[in-house]
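Engineer: Here you go, sequence then predicted model.
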Amino acid sequence: MISGPTHRSQLHFKVSWISLALLLPFSLFFSAAQLLKRNPQPLAHFTDIAKKAGLTDSVVFGGVDTKKYILETTGTGVAILDYDNDGWPDIFIVNGRNLEAPLRGKAPTNHLYHNNHDGTFKDVTEIAGLAHSGWGQGVCVGDYDNDGWEDVYVTYYGKNVLYHNNGDGTFTDISEKAGVAGSGKAWGNGCAFVDYDRDGHLDLMVADYVDFDLSTTPAPGDRSTCIWKGAPVMCGPQGLPAAKNILYHNNGDGTFEDVSAKSHIDKADGHYSLSVSTLDYDDDGWPDIFVACDSTASILYHNNRDGTFTDVAITAGAAFNEDGRAQAGMGSTVADYNGDGKLDIFKTNFSDDTATLYRNNGNGTFDDVTYPAGLGLNTKYLGWGAMFLDFDNDGWPDLLLVNGHVYPEVDSQHLGSAFQEPRILYHNNGNGTFTDISADAGPGITAVNSSRGLAIGDLWNDGRLSAVISNMNGPPSLLVNEVRTPNHWIAFLLMGTSFDSSSRKLRTNRDGIGARITMKAGSRIFVDEVRSGSSYDSNNDVRVHFGLGSVTKLDSVEIRWPSGLTEKFEGLAADKIHKLKEASGIPVPDAPKKN
């Protein structure tokens, strides 16, 4: 993890930015005052119902009072998925381990919680065959074999695991047979299923963090990179060798091929890669990949449409912050935050730095608008999971960040931070700015933890988005917003079904991952995509959710499928989850065709 920003005397600021920074606290104050005037009650009141809901097993991850190695710091991700196709999202939580032998011979395992439809969950890990133990990291979900059942991929320090969903409530580890287990020497972190070549079969992107060897890694304080603010701390990632990312191509027969070299994914070397978010940032119909990297520049893999990628992060303006400085990126999330029809990127970073909001300019480039958006005020916390979510369904994506330091020593050595930190909730003001409402957003936000993974989903099928959070060396959190609003919403579950009549091959993956939804309602245009992965090493509810505010009638909904088919769906009611099948709508004849 990077130790903090460089001296600002080395950087050049525009006068307009300085003026904006001075005026911003006042503008945000008036934005908050206007919000309170319109909404006398709090906009949000999140409570943690994890214990009541049955999510009680702790996430074990390294030492509690001290962490000797960087391996003990990264924590785990979570996934929201409907593994049994009953229409109710379930929860999967990745677990880790510690350096000592497990107590009484029982090692910690991952956990799958089945949604009981009544606000509670049942631990079905053993029955489902998912009781695997190891240094777990990230998780992503996708139906890789198009059989209609969600499969699960878990990354590890060591061999990764692909679980095939058998469709009867159980899973089978097919990692070795499928060719995605890896060598056992890599440190897998974030992952995402993505059909990068649009052949109808989900491929798999894996971000690898550090080329780490426990036996040769120096001890805290042994090197200059093992000291933080004068205190000896665990070493890395600076000073340790970086690892290369992996792209697996789905062969369509249950196996995958490592195409990292062939696709040029491995050319972006020298990065400490963590989270993965997919997005078609240039709207050309082909999925691109953003990777948040620790202590090094971020990666933006542009899809060249020929099976190869090029890292364009520097030229696109998504590699560094406005100062031209590499940050310690952890988590990332994607949404059209300002309603201009373009997908933007948000990234969390280390403490003593800001998070970063990259606004999509629509010409293949991004601008760092962190400060003008009102997101530059929180520099104390170390951010991990982050998600855009419209928690009040007013039509504008808000932001939830979960935090936690990597050095337990910040408490004992009084280094100006805390190991356990609160969450941050930003409300989207609908004018390109955000207001921090954390202090009044309920105990689920203000409670302190050392959090890592974060996933968002409509766990109750009623339009309320909830958050599942992985907390280091503690039970997970399940945050529910108790404030009800009169605002409306709509959600979409997509299903790819089209076939090539000549080859009889599926052209859009069953999950519709990569499909773009464009919705017109009132005076607004809403845009989002179906994606796997994102946040920090986590996977969200695959159903795409939009808040609608006071709007009850949709003007139009268009889906651009990965197959190249664009079609319109009419007569869709608000306040419902709609299942939309490919080739069941009205074709849009003048839509761009598959290249």
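Structural biologist: Yep, that arrived. Numbers count the residues shown, from 1 in each chain.

Engineer: Give the buried residues for stretch 330-337.
Structural biologist: For stretch 330-337, burial by neighbour count (16 or more other Cβ atoms under 10 Å) applies to 330-337. Every residue, glycine included, has its C-beta placed from N, CA and C.

Engineer: Between which two of those is the distance greatest?
Structural biologist: Met330 and Asp336 (22.4 Å; Cβ to Cβ).

Engineer: Beta-bridge partners for the residue nearest to Leu465 when sequence neighbours are not counted, please?
Structural biologist: Among residues not flanking Leu465 along the chain, Leu389 sits closest, at 4.9 Å (Cβ to Cβ, 6 or more residues apart in numbering). Judged by DSSP bridges, the bridge partners of Leu389 are Asp398.

Engineer: where do the strands sit along the stretch 201-350 of the chain?
Structural biologist: 203-208, 227-228, 231-232, 246-250, 256-258, 273-279, 288-293, 299-303, 309-311, 332-335, 344-347 (DSSP state E, counting those that start in this stretch).

Engineer: Could you export these as CSV, including mean pLDDT?
Structural biologist: Output for the strands of the stretch 201-350 of the chain, formatted as CSV (pLDDT from 0 to 100):
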stretch, mean pLDDT
strand 203-208, 98
strand 227-228, 94
strand 231-232, 94
strand 246-250, 98
strand 256-258, 98
strand 273-279, 98
strand 288-293, 98
strand 299-303, 98
strand 309-311, 98
strand 332-335, 98
strand 344-347, 98
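
Engineer: could these be laid out in a markdown table, adding distance to Asn165?
Structural biologist: Compiled in a markdown table, those are given as follows (distance: least, Cβ to Cβ, whole Å):
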| stretch | distance to Asn165 |
| --- | --- |
| strand 203-208 | 15 |
| strand 227-228 | 43 |
| strand 231-232 | 46 |
| strand 246-250 | 16 |
| strand 256-258 | 16 |
| strand 273-279 | 21 |
| strand 288-293 | 24 |
| strand 299-303 | 28 |
| strand 309-311 | 29 |
| strand 332-335 | 26 |
| strand 344-347 | 31 |
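
Engineer: Next, count neighbours for the residue nearest to Leu465.
Structural biologist: As a burial measure, Leu389 scores 23 neighbours (other Cβ atoms under 10 Å).

Engineer: Make sure it is actually in contact with Leu400.
Structural biologist: Yes: between Leu389 and Leu400 there is a contact under Cβ atoms under 8 Å: 5.9 Å.

Engineer: can you list the weak-confidence ranges in the chain?
Structural biologist: Scanning the chain for pLDDT under 70 picks out 1-40, 101-105, 499-506, 591-595.

Engineer: Specify the beta-bridge partners of the residue nearest to the spatial centre of the chain.
Structural biologist: Using Cα atoms, centre = their mean, the residue of the chain that lies closest to the mean C-alpha position is Ser535, 1.7 Å off. Taking DSSP bridges as the rule, Ser535 bridges to Ser332.

Engineer: Start at 34, not 1
Structural biologist: In the new count, where the first residue is 34, that last one comes out as Ser568.

Engineer: Verify the stated contact: it with Phe421.
Structural biologist: No: if you go by Cβ under 8 Å, Ser568 and Phe421 don't touch, sitting 9.7 Å apart.

Engineer: shared neighbours, these two?
Structural biologist: Thr366 (Cβ atoms under 8 Å, 6 or more residues apart in numbering).

Engineer: Name the nearest residue to Phe323, sequence neighbours excluded.
Structural biologist: Phe323 sits nearest to Ser310 (Cβ to Cβ, 6+ apart), 4.8 Å away.

Engineer: ok, now how distant is the closest residue to Ser483 other than its chain neighbours from Gln453?
Structural biologist: Once flanking residues are discounted, Ser483 sits nearest to Gly437: 3.2 Å by Cβ to Cβ, 6+ apart. Gly437 is 6 Å from Gln453, where distance means Cβ to Cβ, to the nearest Å.

Engineer: circling back: relative to Asn199, how far out is the residue nearest to Phe323?
Structural biologist: Counting by Cβ to Cβ, the gap from Ser310 to Asn199 is 29 Å.

Engineer: Looking at the two, which is more packed in?
Structural biologist: More crowded of Ser310 and Asn199, by other Cβ under 10 Å: Ser310, with 25 against 14.

Engineer: was I right about that one contacting Leu376?
Structural biologist: No: in this structure Ser310 lies outside contact range of Leu376 using Cβ under 8 Å: 9.8 Å.

Engineer: what sits in contact with each of those two?
Structural biologist: Residues within reach of Ser310 and of Leu376 at once, by Cβ under 8 Å, 6+ apart, are Val367.

Engineer: Apart from its neighbours in sequence, what residue is nearest Ser589?
Structural biologist: Counting by Cβ to Cβ, 6+ apart, the residue nearest Ser589 is Lys553, at 4.8 Å.

Engineer: How about residues contacting the strand or helix carrying the one you found?
Structural biologist: Using DSSP states H and E, Lys553 falls within strand 549-554. With contacts defined as Cβ under 8 Å, 6+ apart, strand 549-554 is touched by 313, 316, 374, 523, 525, 527, 558-563, 577, 579, 581, 584, 586-593.
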